[in-house]
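Participant: What follows is a predicted structure for the sequence shown.
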Amino acid sequence: MIKQLLKSVREYKVVSILTPIFVSLEVILDVLIPVLMTKIIDDGINQNDMHTIIMIGGILIVISLFSLLFGWLSGKFAAIASSGAAKNLRHDMFYKIQDYSFANIEKFSSSSLVTRLTTDVNNIQMMYQMLIRIAIRAPMMFIFSLFMVYMINAHLALIFLIVAPILGFLLILIANKAHPSFETVFRTYDDLNNNVQENVRGIRVVKSFVQEDTEIKKFNNISDKIYDHFMKAEKLVALNTSIMRLCIYSAIVLICLLGSRYVIAGSLSTGELTGVITYAAQILNSLMMLSMVYVTCIISIPSIERVIEVLNEKPSIQSKRSPIKEVKDGSIEFRDVSFAYHRGKEVLKDINLSIKSGEMIGIIGGIGSSKSSLVNLIPRLYDVTHGSISVGGIDVRDYDLEILRDKISVVLQKNVLFSGTIKENLCWGKKDATKEDLDRVCKIACASEFIEKFKDGYDTYIDQGGTNVSGGQKQRLCIARALLKEPKILILDDSTSAVDTKTDALIRMYYRKYIPDVTKIIIAQRISSVEDCDRVIVLDNGRIDAFDTPKNLLKHNKIYQDVYNSQVKGSDEHEKRK
Ligand SMILES: Nc1ncnc2c1ncn2[C@@H]1O[C@H](COP(=O)(O)OP(=O)(O)OP(=O)(O)O)[C@@H](O)[C@H]1O
Ligand SMILES: [Mg+2]
């Protein structure tokens, strides 16, 4: 686990190694300081020797300055190393997530991925900084100081050998008790992020349904849960300091009691007693630092596990070795296909279909009849559970994934625009698109008419999520973006639902005129949107009820007739009544 994380250190290896080196130098100097203080007291103050005081005092100042310098350098390198490693780790995770399939993302949930990329990586950064600095400093300080005390008086060193294990045991006990609460806190962070994301994204709906109070209540519940678990954990961790203090002061009292006896008996000088007391503080302080390292590690272990999960996740959809790199044409064939979402029941059953290249195919069916699920299988947004799908006569799993998706443009039902200009958004479809390219696709998608009306034309800025364009405008921009890829198959999932019927018909007419060789699959709720298709698939509860020309369907298919009657006849009667 740690080995995998260390891969993210990369170019920060040198600073990561320099940090413990400077820490070690700092510790050596810090350990020397009490020795010099002992000398000042015994040889200078007690002997009234001003020359020694000034000389040793001078050395003390120089050593302190160097200790300060090394401390500063180690702190600086530790900060560079840890934030650099965290940057690389975030990069590695983000890179990995780009390869995730929809199923992978759904497994984690997008908000959990956000927490893992932010809070969890921050915890690991903190832990790494502690490990290369404090985790080196504390044990070194402990061992060196204990050795110095032993050199001064072996009996006094025994006090630490008794106090230290008791203290260590108590600190580990506390940290272990706090661990489950920290783990719960980070899991609840996912819920909090989810809640905030959902609320902010849907703020318009929240406001229009006057659901602010419910949303606040929901948020407070999660926030309170985090507070409770944090308090529980932090209360336990706060005990650390109190127990530490108790141990430090008990040890010092014991040293004073025993030490003063040795001073009176003449086997210990006053300078040495002062030295031992200073070492006592250093020893116990280093134990406190070790406990802090331990607590940080305890907090970070769940974070490490969560980050490693992201890094180790196998993208459920990948290109196979030596994949096919060319999509011959836009023909599509489904053979005995069934499909179920992750651990769910089958939503598509026994699908057999054959679509010729260049055909315009409509898909209709009730809400939840698996229309989106069916088309999402073609560019491998999900993989079939059984059966196979071929595009251009070749199984989709045999293609290079990038090439397959490049040749199959999907305008998803839940499509989004990104913050940036219209041009930048469209160019997702083709990086080096010229003005002519943009004009051509915007004409087909009937987007030119409104883009021209914008003062800045293609340079009009789209806010995050496309909130400053209307639903119909957004849909037409998404279609234009998909067309710019010059695909062999164009899939439009309910992508003109917000466009008026007349423009909708015009767009389809342009498809026939300008992209006759592209296979077009149009999912629609409106019967008028599929009326002029070559053939229409009628889906019912995950099964194909019929696949025929609109004319034949109107004659023979009950579902198609029902939809037709409710929409076309209904609106005719409505018109008459008017
Ligand atoms: N990501 C998913 N994970 C699990 N189940 C899903 C997922 N997406 C859809 N489903 C389920 O699959 C079934 C078909 O959904 P799908 O979105 O394909 O229907 P649809 O015909 O496109 O519906 P609509 O007309 O509302 O767009 C539904 O029962 C739905 O609950
Ligand atoms: Mg759908």
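Facilitator: Happy to help now that I have it. Ligands and ions are numbered 1, 2, ... in the order given.
Participant: how's the protein carved up into domains?
Facilitator: 9-312, 332-577 (automatic domain parsing).
Participant: To Ser322, which of those domains lies closest?
Facilitator: Nearest of these to Ser322, taken as C-beta to C-beta: domain 332-577 at 9.3 Å. (Each C-beta comes from the backbone N, C-alpha and C, glycine too.)
Participant: Say whether ligand 1 is contacted by that closest one.
Facilitator: Yes: Domain 332-577 reaches ligand 1 (C-beta under 6 Å from any ligand atom) through 341, 344, 347, 365, 367-373, 413.
Participant: Output those residues in TSV; the columns should cover distance to Ser110 and secondary structure.
Facilitator: Output for the residues of domain 332-577 next to ligand 1, formatted as TSV (distance: C-beta to C-beta, whole Å; DSSP: H, G, I helix; E, B strand; the rest coil):
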residue	distance to Ser110	secondary structure
Tyr341	16	coil
Gly344	19	coil
Val347	21	strand
Gly365	28	strand
Ile367	24	coil
Gly368	22	coil
Ser369	26	coil
Ser370	23	coil
Lys371	23	helix
Ser372	18	helix
Ser373	20	helix
Gln413	17	coil
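Participant: just the buried members of these?
Facilitator: Applying a neighbour-count criterion of 16 or more other C-beta atoms under 10 Å, the buried members of the residues of domain 332-577 next to ligand 1 are 347, 365, 369-373.
Participant: which residues touch the one residue in the stretch 1-150 of the chain that gets nearest to ligand 2?
Facilitator: Using C-beta to the ion, the single residue of the stretch 1-150 of the chain nearest to ligand 2 is Phe102, 13.6 Å away. Counting by C-beta atoms under 8 Å, 6 or more residues apart in numbering, Phe102 makes contact with 376, 381-382.
Participant: Then Val396?
Facilitator: Going by C-beta under 8 Å, 6+ apart, Val396 touches 377-380, 388-390, 404.
Participant: One more pass at 6 Å, please.
Facilitator: Each residue near Val396 by C-beta atoms under 6 Å, 6 or more residues apart in numbering is listed here: 380, 389.
Participant: how close does the residue of the stretch 1-150 of the chain closest to ligand 2 sit to Ser448?
Facilitator: 32 Å (C-beta to C-beta, to the nearest Å).
Participant: Apart from its chain neighbours, what residue comes closest to Ser528?
Facilitator: Using C-beta to C-beta, 6 or more residues apart in numbering and skipping the chain neighbours, the partner closest in space to Ser528 is Thr501 (5.6 Å).
Participant: In terms of pLDDT, where does that neighbour sit?
Facilitator: Turning to Thr501, the model gives it a pLDDT of 90.
Participant: That one: neighbouring residues, count only.
Facilitator: Residue neighbour count, defined by other C-beta atoms under 10 Å, stands at 12 for Thr501.
Participant: next one: Asn352
Facilitator: 12.
Participant: Show me the helices in the stretch 201-350 of the chain, by range?
Facilitator: All helices of the stretch 201-350 of the chain, identified by DSSP state H, counting those that start in this stretch, fall at 203-208, 212-265, 270-312.
Participant: Would you tell me which of the ones you listed gets closest to Lys96?
Facilitator: Nearest of the helices of the stretch 201-350 of the chain (C-beta to C-beta): helix 270-312, 5.8 Å.
Participant: Show me what the closest one packs onto, helices and strands only.
Facilitator: helix 13-39, helix 121-132, helix 134-152, helix 154-201, helix 212-265 (3 or more C-beta pairs under 6 Å, 6 or more residues apart in numbering; DSSP states H and E).
Participant: Return the list of helices and strands in contact with the first one.
Facilitator: In this case it means helix 13-39. By 3+ C-beta pairs under 6 Å, 6+ apart, helix 13-39 packs against helix 50-98, helix 121-132, helix 134-152, helix 270-312.
Participant: Could you export the ones you listed as a markdown table, including mean neighbour count?
Facilitator: Formatted as a markdown table, the helices and strands packed on helix 13-39 follow (neighbours: other C-beta atoms under 10 Å):
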| stretch | mean neighbour count |
| --- | --- |
| helix 50-98 | 16 |
| helix 121-132 | 22 |
| helix 134-152 | 20 |
| helix 270-312 | 20 |
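Participant: Quick check: Tyr150 touching Ile159?
Facilitator: No: using C-beta atoms under 6 Å, Tyr150 is not in contact with Ile159; the gap is 11.2 Å.
Participant: Done for today, thanks.
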